[in-house]
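Enquirer: let me see the structure of the following:
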Amino acid sequence: EEMTRREAEQDIQLLETLHPSLHPPDWTLRRTMVKRFRRSAADYKLNVPEWVRPPPVLEQTCAYLEEYIMDKDRQGPDARYIAAPQATTDRPTPLDVYLFCWDRTRMIRKDFILQNYTAGGRVCNEAIRCHERIARWHVLCEHQLSHLPDFVKHQSQQNIAELGQAIKTLN
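Expert: Residues are numbered from 1 along each chain as shown. You can find the predicted model right below:
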């Protein structure tokens, strides 16, 4: 549903695009697209069972974000940016990577909440691992982006709030 809509609307960010030098040859765009955060609304329900990713998929998504997205601003030129006519640099900015991952990790947490990720009062192992990864990422971003005025002015407080939510979810 979301992937079809986003493809039709051409709402695919450069960090999600497929490139042969970055991804395995058998991957498709649907493998590199990550579900965006979205709120429930009268015309859009999030709790449709087919749309909620199960815990193993959420853990794979966290691993994908860590391996293919989170450090791209520090790994030299990115082939996706070099090949894209709309790109103004040869790599994503640290703030672009942060905003992309912030949105996607927020939806990972939302998917866990939608499926009541506790089993008999205990949090499932996948949820613990994902929330710990997300919390570590927020801490790392707070440290690494604290020199960027745009981050400090607009994102730092929100980052700390999301860190608190990730930690609170583990309680």
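
Enquirer: so R39: helix, strand or coil?
Expert: coil (DSSP: H, G, I helix; E, B strand; the rest coil).

Enquirer: that one - how many residues pack around it?
Expert: Using other Cβ atoms under 10 Å, R39 is surrounded by 7 other residues. All C-beta spots, glycine's among them, are computed from the backbone N, C-alpha and C.

Enquirer: for it, give its distance to R106.
Expert: R39 sits 10 Å away from R106, going by Cβ to Cβ, to the nearest Å.

Enquirer: what about the helices in the chain?
Expert: 2-8, 29-32, 55-64, 79-83, 94-114, 125-144, 149-150, 156-170 (DSSP state H).

Enquirer: highest mean neighbour count out of those?
Expert: Mean neighbour count, computed with mean count of other Cβ atoms under 10 Å, is highest for helix 94-114 among these, reaching a mean of 19.

Enquirer: hey, what's the angle from it to helix 125-144? Just curious.
Expert: 150 degrees (axes from the mean of the first three to the mean of the last three Cα atoms, to 10 degrees).

Enquirer: any idea how far helix 94-114 is from the chain center?
Expert: Here helix 94-114 is found 4 Å from its chain centre; the criterion is Cα atoms, centre = their mean, to the nearest Å.
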